[in-house]
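# Predicted structure and sequence below. I'll ask about it afterward.
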Amino acid sequence: MKITHHGHACLLVEIDDVRVLIDPGTFSAGHTGLTDIDAIMITHQHFDHFDTPVVAELLAANPAAPLVIERGTADALPDTIPADRLQVVAPGDDFDVRGLNIDVVGGTHATIHPDIPLIPNVGYYFRDAGLLHPGDEFNPPVVEVEVLALPISGPWQKLSDAVDYLRAVNPTVAFPIHEAVTSRPTLFHNYLENLKPSSTTFQVFEAGVATEVAS
């Protein structure tokens, strides 16, 4: 499995010859011209995970790729996103992308503030590789996670939340995502390296560079 972190929550996941792009949002970079994508998957509707003009361009450049989204995002889509490209999913669903098995987990975005209405959020668990992208939610899934994309900062979390989630999931490998809202991500990286489970390897991926990850 190869993972390319395109900044913030955006990942290009390559398993065998299947290529999946997750959460191409406004804080990401280097993903806008990608081709040979088999699916584009969105965890929730926030702009830092779903950049509408970029997604429209990616769909045009990858005509066979479905846009996998949850119902809340689907209901909010503008006309620039073709409805016939949508694959609407919900927690508990499973589907495959060219034989790659993916489970839908999660359900609700983490609380930012009680005055801000909650929205749906889904995570994607790549069953064959043990990879989890949780979106913006810290509910540990009832699966064995080998590789965790770990959100490290945002208006809905503090560092202790990330540490507690990392320990609860206890993956073999974890790497940081959702870092764009902090100006000093290495501070978070150092804490997580020191506080992670002893059995977990914490890796920081170079932006835009495909990294081989054993699972």
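Great, that's in hand. It should be emphasised that the depicted structure is a prediction, and the values quoted were computed from it without experimental measurement.
# does residue 149 sit in a helix, a strand or a coil?
strand (DSSP: H, G, I helix; E, B strand; the rest coil).
# nope, residue 73 is what I meant
Using three-state DSSP, the structure places residue 73 in helix.
# give me the number of residues near it?
24 (other C-beta atoms under 10 Å). (C-beta placed from N, C-alpha, C; glycine too.)
# That one contacts residue 47, correct?
No: contact criterion C-beta atoms under 8 Å: residue 73 and residue 47 do not qualify, at 11.4 Å.
# for the chain, what spans make up the strands?
2-5, 11-15, 18-22, 39-41, 67-70, 86-89, 94-97, 100-108, 120-126, 131-133, 147-151, 173-177, 201-202, 210-212 (DSSP state E).
# Of those, which is nearest residue 194?
In terms of C-beta to C-beta, the element of the strands of the chain nearest to residue 194 is strand 201-202, at 9.3 Å.
# Report the inter-axis angle for the helix or strand of the chain with the lowest mean pLDDT versus strand 173-177.
The helix or strand of the chain with the lowest confidence, counting by mean pLDDT, DSSP states H and E, is helix 185-195 at a mean of 90. Between the axes of helix 185-195 and strand 173-177, defined by axes from the mean of the first three to the mean of the last three C-alpha atoms, to 10 degrees, the angle is 160 degrees.
# Packing partners of helix 185-195?
helix 159-169, strand 173-177, strand 201-202 (3 or more C-beta pairs under 8 Å, 6 or more residues apart in numbering; DSSP states H and E).
# what about the shortest one, distance to the chain center?
With C-alpha atoms, centre = their mean, to the nearest Å as the basis, the distance from the averaged C-alpha position of strand 201-202 to the chain average is 18 Å.
# Settle this for me: residue 100 is touching residue 124, isn't it.
No: using C-beta under 8 Å, residue 100 makes no contact with residue 124, being 10.7 Å away.
# So for these two, which residue has more residues nearby?
More crowded of residue 100 and residue 124, by other C-beta under 10 Å: residue 124, with 27 against 20.
# for the more buried one, what are its contacts?
By C-beta atoms under 8 Å, 6 or more residues apart in numbering, the contact list for residue 124 reads 22, 41, 43, 68, 102-105, 132-133.
# All set now, cheers.
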